[in-house]
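Peer 1: Here is a sequence with its predicted model. Questions after.
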Amino acid sequence: MRTIVTHSGLAPVALAGRTTPVPLLPRSSRSCAAKSRTLHAAGPSTTPFSGSSTPCCVRQSVFRPSRPSARLATCRAALEEAAPGKTVLGFVGIGIMGLAMTRNLLKAGYEVVVWNRNPDKCKPLEQEGAKVASSPREVAAAASYTFAMLSDPEAAVDVAMRPDGVVAGLSPGKGYIDVSTVDAATSSAIAAAVRSAGAAFLEAPVSGSKGPAEQGKLIFLTAGDQELFSAVSPPLDCMGKAKFFLGAEGAGANMKLVVNMIMGAMMTSFAEGLALADKVGLRQQDVIEVVGLGAIAAPMFALKGPTMAARSYAPAFPLKHQQKDMRLALALGDEVAQPLPMAAAANALYIAARRQGLADADFSAVMEAVAEQKAEEAAK
Ligand SMILES: NC(=O)C1=CN([C@@H]2O[C@H](COP(=O)(O)OP(=O)(O)OC[C@H]3O[C@@H](n4cnc5c(N)ncnc54)[C@H](OP(=O)(O)O)[C@@H]3O)[C@@H](O)[C@H]2O)C=CC1
Ligand SMILES: O=CCCC(=O)O
């Protein structure tokens, strides 16, 4: 597992529901007890709990308000490194990704307590040894570290903060790791609620889809409490091939939105290319092969091209989630006055595909919106 501890020089913080970059004050970092595989890629990172007894990899000053933060006041319990046979893990949100990720934790020998809104989705995991809880609170109360993989910001907030939600089951010494794709403000709000319960928070959205989730080859884009990052590194390593610690919470969410915005626009461009090729009598299979041999070759094109040519869209990454990510990325661009015209055009196509009833199909079904648009244009 590749581990990278880095930071961007700007720590995203949520202010009045917005994500605002705050400059980090430069200071030399010092490395202590760093894991041998930890690579300090780009300078210092943020300091985790000041009162923690666990050594951190890097330390630095971060601009903070003069009032002591809730984080420093409440999060003092040391976090134990997770280990199979010793640590109980929780997982809420057993969808496409949650199912595959939990399976890898079970395979690694962890005791796992799970919850899903639709309890039927927990049944296969129960047969594989997971315990099924009746609420998110029950999961967090039973587990040392609880992971969440939920659809969108609304679901993430609800599962964390409802009366029988995760936060109600947390206490000092526990941690909450939200691996859902959400915006930085949502993540910061959840982080504040988690810390007010005395627990630690890590946002850890993932790059990689159903296949990498099944193969334990996800890429974790984490930020938040670095001590929790260290404590849950063993389970992260069961589920992924690389993990980044990017600084204060918000940085992981923003990184994920940047990556998925690029991916979403790449997919629409690819779909347009396939549609145009078809219109001018080229074989789509030939286009896929030519693209795969040149400078714009991409694993995504190789994986999705043949099924797009066959107009078959079994969901690995549901289109409604890709459209949500485009929406969140555009909102982020709006906040920081960054024009994103390509992403905006791509987003319109994902919206069109949703209107065609393709929200639950794979995001490559945006092909149908492209083809439809071309047909409409031709009819004009
Ligand atoms: N699929 C992929 O390739 C990837 C997805 N992601 C991100 O991971 C997250 C999950 O994706 P994925 O597993 O594909 O999606 P799914 O649609 O398969 O799963 C969504 C999960 O969220 C739960 N959920 C939705 N709304 C609520 C709610 N209001 N209260 C409680 N639970 C709720 C669903 O419960 P229920 O079953 O009851 O509906 C389900 O467990 C998303 O944020 C997505 O963007 C990130 C990387 C890759
Ligand atoms: O959020 C979904 C990402 C899908 C992928 O990285 O392949």
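Peer 2: In hand now; what should we look at? Ligands and ions are numbered 1, 2, ... in the order given.
Peer 1: what's the neighbour count on the closest residue to ligand 2 within the chain?
Peer 2: The chain approaches ligand 2 most closely through Ser209 (3.7 Å), counting by C-beta to the nearest ligand atom. C-betas here are computed from N, CA, C, even on glycine. Using other C-beta atoms under 10 Å, Ser209 has 21 other residues around it.
Peer 1: from memory it sits against Phe317, does it?
Peer 2: Yes: when contacts are counted by C-beta atoms under 8 Å, Ser209 is listed as touching Phe317 (4.8 Å).
Peer 1: Which stretches in this protein count as strands?
Peer 2: For the chain, applying DSSP state E gives strands covering 2-5, 10-15, 18-23, 38-40, 88-92, 111-115, 131-132, 145-148, 175-178, 200-203, 206-207, 218-224, 240-245.
Peer 1: center of this protein - which residue?
Peer 2: In the chain, the residue lying closest to the centroid (C-alpha atoms, centre = their mean) is Pro205, at 1.5 Å.
Peer 1: Ala192 and ligand 1, how far apart?
Peer 2: According to C-beta to the nearest ligand atom, to the nearest Å, Ala192 and ligand 1 sit 20 Å apart.
Peer 1: check contacts around the closest residue to ligand 1 within the chain.
Peer 2: For the chain and ligand 1, the shortest gap (C-beta to the nearest ligand atom) falls at Gly95, measuring 1.9 Å. Listed by C-beta atoms under 8 Å, 6 or more residues apart in numbering, the contact set of Gly95 reads Asn116, Lys121, Met149, Leu150, Ser151.
Peer 1: I'd like to know how many residues surround Asp164.
Peer 2: Asp164, neighbours per other C-beta under 10 Å, totals 13.
Peer 1: And it, how far from Leu202?
Peer 2: Relative to Leu202, Asp164 is positioned 22 Å away (C-beta to C-beta, to the nearest Å).
Peer 1: re the thing from before, take the strands of the chain and lay them out in TSV including mean pLDDT, distance to Ile190 and mean neighbour count.
Peer 2: Listed next are those as TSV, based on pLDDT from 0 to 100; distance: least, C-beta to C-beta, whole Å; neighbours: other C-beta atoms under 10 Å:
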stretch	mean pLDDT	distance to Ile190	mean neighbour count
strand 2-5	84	22	21
strand 10-15	40	10	19
strand 18-23	35	14	16
strand 38-40	32	26	17
strand 88-92	99	12	27
strand 111-115	99	17	23
strand 131-132	98	23	17
strand 145-148	99	9	27
strand 175-178	99	6	30
strand 200-203	98	7	31
strand 206-207	98	17	21
strand 218-224	98	10	28
strand 240-245	98	18	22
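Peer 1: any chance of those in JSON lines, plus distance to ligand 1?
Peer 2: Below are these laid out as JSON lines (distance: least, C-beta to the nearest ligand atom, whole Å):
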{"stretch": "strand 2-5", "distance to ligand 1": "18"}
{"stretch": "strand 10-15", "distance to ligand 1": "18"}
{"stretch": "strand 18-23", "distance to ligand 1": "17"}
{"stretch": "strand 38-40", "distance to ligand 1": "23"}
{"stretch": "strand 88-92", "distance to ligand 1": "8"}
{"stretch": "strand 111-115", "distance to ligand 1": "9"}
{"stretch": "strand 131-132", "distance to ligand 1": "13"}
{"stretch": "strand 145-148", "distance to ligand 1": "9"}
{"stretch": "strand 175-178", "distance to ligand 1": "10"}
{"stretch": "strand 200-203", "distance to ligand 1": "12"}
{"stretch": "strand 206-207", "distance to ligand 1": "5"}
{"stretch": "strand 218-224", "distance to ligand 1": "8"}
{"stretch": "strand 240-245", "distance to ligand 1": "11"}
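Peer 1: Output those in a markdown table, with distance to Ala160 appended to each entry.
Peer 2: Shown next, in a markdown table, are these (distance: least, C-beta to C-beta, whole Å):
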| stretch | distance to Ala160 |
| --- | --- |
| strand 2-5 | 26 |
| strand 10-15 | 15 |
| strand 18-23 | 18 |
| strand 38-40 | 29 |
| strand 88-92 | 9 |
| strand 111-115 | 12 |
| strand 131-132 | 19 |
| strand 145-148 | 7 |
| strand 175-178 | 7 |
| strand 200-203 | 10 |
| strand 206-207 | 18 |
| strand 218-224 | 13 |
| strand 240-245 | 21 |
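Peer 1: if we can go back for a sec, phi and psi next, for the residue of the chain closest to ligand 1.
Peer 2: Torsion angles at Gly95 (phi, psi; degrees, to the nearest 10) stand at phi -100, psi -150.
Peer 1: any idea of the pLDDT on it?
Peer 2: Listed pLDDT for Gly95 reads 98.
Peer 1: From Leu218, how far off is it?
Peer 2: 14 Å.
Peer 1: Please apply the same query to Thr268.
Peer 2: Relative to Leu218, and taking C-beta to C-beta, Thr268 is found at 24 Å.
Peer 1: pretty sure Ala346 contacts Thr268?
Peer 2: Yes: with contact defined as C-beta under 8 Å, Ala346 and Thr268 form a contacting pair (4.2 Å).
Peer 1: Overlap of the contact sets of those two?
Peer 2: Shared contacts of Ala346 and Thr268, defined by C-beta under 8 Å, 6+ apart, are found at Val366.
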